[in-house]
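In: Pasting the sequence and the predicted coordinates here, then a few questions.
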Amino acid sequence: NKPRVTAKKTAKKKDNGTTAVVTIDAFQELLKTRRTINEFEPTLPSDWEDKLRKAISTAIYAPNHKRTEPWRFHLLGSESIQRVCELNAQIVSEKKGEEAGAKKLKRWLTMPGWLVVTCQKGPGDMDKDPMSLAREDYSAVCCTKFMFIFTC
């Protein structure tokens, strides 16, 4: 039997000076119990811009090979949101029928804020070369999105 290792990380919160202690076990539990949220508040909270800045400033610490920092964050305006929702609804309609597409469109249009994260494509073909910079960049953006989600 190996002894159980417990790691703790402490961090000072800048806003009120309190100390938060997070254990590996607590973090693992958070990962295991994470769920997709489908019910959104109809409006963004009053401090949404500060929360967004904090989440992005943390997310960009994701590991990235050769420091390419391939992530791009796009805060969509109302016209872009409408177009993205309509495109997604069209895709769902083609796969699952008009009723499913209409239902998705209605739900998506009620979401109060849209942030899209994209990947600046690096050289190489990630499908043909698993060691390509394009594959590395894609993986870095996946890590970035993961870190963003857990910061929110």
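Out: Thanks, I have it.

In: May I have the phi/psi pair for His74?
Out: phi -130, psi 110 (degrees, to the nearest 10).

In: so which helix or strand takes in the residue nearest to it when sequence neighbours are not counted?
Out: Nearest residue to His74, sequence neighbours excluded (C-beta to C-beta, 6 or more residues apart in numbering): Val116, at 4.4 Å. Quick note: C-beta positions are derived from backbone N, CA and C, even for glycine. Applying DSSP states H and E as the criterion places Val116 in strand 115-119.

In: Next SSE downstream of that strand?
Out: Strand 115-119 is succeeded, C-terminally, by helix 133-151 (DSSP H and E).

In: got the buried residues for that following helix?
Out: 133-137, 139-141, 144, 147-148 (16 or more other C-beta atoms under 10 Å).

In: ok, back up a step: relative to the strand holding Val116, what are the paired strands and their orientations?
Out: If you go by DSSP bridges, strand 115-119 pairs up with strand 71-75 (antiparallel).

In: in the strand it pairs with, what's buried?
Out: Residues of strand 71-75 classed as buried: Trp71 (neighbour count, 16+ other C-beta under 10 Å).

In: and the angle for it with helix 133-151?
Out: Here the directions of strand 71-75 and helix 133-151 differ by 50 degrees (axes from the mean of the first three to the mean of the last three C-alpha atoms, to 10 degrees).

In: contacts for strand 71-75?
Out: Contacts to strand 71-75, defined as C-beta atoms under 8 Å, 6 or more residues apart in numbering, come from residues 52, 56, 59-60, 62, 113-120, 140-141, 144.

In: re earlier: closest to Ala26 among the buried residues of helix 133-151?
Out: Met147 (17.0 Å; C-beta to C-beta).

In: Run through the residues that contact that closest one.
Out: Contacts of Met147 by C-beta under 8 Å, 6+ apart are 58-59, 61-62.
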